[in-house]
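Colleague: Give me coordinates for this.
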Amino acid sequence: MIRLDGVGQVFEGRGGQVRALEEIDLHVQENEFVTVIGRSGCGKSTLLRLIAGLLPPTSGGVEVAGAAVTGPRRDVSFMFQRPALLPWRSVVSNVMLPVEISGGDSERSKAQYRDRAQELLELVGLKGFENRLPHELSGGMQQRVSLCRSLIRSPKVMLMDEPFSALDALTRTELSAELQRIQMELATTIVFVTHSIEEAVVLADRVVVLTPRPGRLREIVEIDIPRPRTLGHNAHLAEVAQISAQLHSLLSEQERPVDLPEARR
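Modeller: Next up is the predicted model:
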């Protein structure tokens, strides 16, 4: 579903060039849930922006569903760390926003989208809140609205940039479980960036570990633990802890220094 072949990204700045990513080769299968972890500044968010078509790669190529990514696509959604809901619009109106922005839909299809919005809100436990304004909702509820907005066009791919990081621990646990359930029901391909190793293990089929800047693929770890999984106590707690410890070790490892010629005397 997603292919990155030899992808690199260099940013030009006043202080010179900054290499954000280098030689990324990553293939994500259809309906797969992949999480991406790494130290701050390693290019995780840049990776998502490249897949979303918000940024052209400096080198290499990106494909989604067999087509080269040259710009934003209607079948790829992007969910950010903050819900970014429009405060003057109701819950259901915020969910419908991508449909209105894209345009070109008939009244009949818009009615179908409104029905879809109602189904999604019920799916995430927000039935009865359709006409509330964002300020009347908790942070977790706002992020559920944002999740519905990302799903309204039934995307083939969902890109999620630390969407739960600003939430309290309990809400984060609940939304992690909710996201797993939704992904299994809707069969959507997800690439999810997080700083939380435990969250990465609980959510993913595979965890992609990036090196410090420039971000390279250090390792891809398979997560063969039955679903559903939780961040709390569960039957697979020992397995989650074991893989989490492995990922901690990978992130703590220092890259080997480049071999330099012996200094002349």
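Colleague: Let's see the pLDDT reported for Leu86.
Modeller: pLDDT, Leu86: 95.
Colleague: start at 325 instead
Modeller: Will do, 325 is the new start, and the previous item becomes Leu410.
Colleague: Skipping adjacent residues, who's closest to it in space?
Modeller: Spatially, and ignoring its direct neighbours in sequence, Leu410 is nearest to Asn418 (5.9 Å; C-beta to C-beta, 6 or more residues apart in numbering). The way it works is simple: take the backbone N, C-alpha and C, and place the C-beta from them, glycine included.
Colleague: Checking my notes, Leu328 in a helix, right?
Modeller: No - per DSSP: H, G, I helix; E, B strand; the rest coil, Leu328 lies outside any helix segment and is strand.
Colleague: neighbours around it, how many?
Modeller: Leu328 has 22 neighbours, counted by other C-beta atoms under 10 Å.
Colleague: Now it. Nearest residue, chain neighbours left out?
Modeller: Leu350 (4.5 Å).
Colleague: Number of residues surrounding that neighbour?
Modeller: 19.
Colleague: list the contacts for it?
Modeller: For Leu350, the contacting residues are Ile326, Arg327, Leu328, Val331, Val532, Leu541, Ile544, by C-beta atoms under 8 Å, 6 or more residues apart in numbering.
Colleague: make it 7 Å
Modeller: Leu328, Val532, Leu541 (C-beta atoms under 7 Å, 6 or more residues apart in numbering).
Colleague: What is the nearest of these to Arg551?
Modeller: Val532 (19.0 Å; C-beta to C-beta).
Colleague: Tell me if I am right that the closest one is in a strand.
Modeller: Yes - under three-state DSSP, Val532 falls within a strand.
Colleague: The spatially closest residue to it that is not a sequence neighbour and His560, how far apart?
Modeller: Once flanking residues are discounted, Val532 sits nearest to Val360: 4.7 Å by C-beta to C-beta, 6+ apart. Relative to His560, Val360 is positioned 22 Å away (C-beta to C-beta, to the nearest Å).
Colleague: Just send the contacts of Leu350 back as CSV, with pLDDT and distance to Asp548 too.
Modeller: CSV is the format used below for the contacts of Leu350 (pLDDT from 0 to 100; distance: C-beta to C-beta, whole Å):
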residue, pLDDT, distance to Asp548
Leu328, 97, 24
Val532, 97, 16
Leu541, 95, 20
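Colleague: The residue nearest to Leu328 is in what secondary structure piece?
Modeller: strand 340-352 (DSSP states H and E).
Colleague: Give the buried residues for that strand.
Modeller: Judged by neighbour count (16 or more other C-beta atoms under 10 Å), strand 340-352 contains these buried residues: Ala344, Leu345, Glu346, Ile348, Leu350, Val352.
Colleague: From Pro552, how far out is the second one?
Modeller: Counting by C-beta to C-beta, the separation of Leu345 from Pro552 is 32 Å.
Colleague: what does the third one give?
Modeller: Taken as C-beta to C-beta, the spacing of Glu346 relative to Pro552 amounts to 36 Å.
Colleague: For the stretch 325-474 of the chain, which segments count as helices?
Modeller: 368-376, 415-426, 431-447, 463-475 (DSSP state H, counting those that start in this stretch).
Colleague: would CSV of those helices with mean pLDDT, mean neighbour count and distance to Asp548 be doable?
Modeller: Shown next, in CSV, are these (pLDDT from 0 to 100; neighbours: other C-beta atoms under 10 Å; distance: least, C-beta to C-beta, whole Å):
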stretch, mean pLDDT, mean neighbour count, distance to Asp548
helix 368-376, 96, 23, 24
helix 415-426, 91, 18, 35
helix 431-447, 86, 15, 27
helix 463-475, 93, 22, 26
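Colleague: Distance to His519 added to these, as TSV?
Modeller: Converted to TSV, the helices of the stretch 325-474 of the chain look like this (distance: least, C-beta to C-beta, whole Å):
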stretch	distance to His519
helix 368-376	9
helix 415-426	26
helix 431-447	27
helix 463-475	16
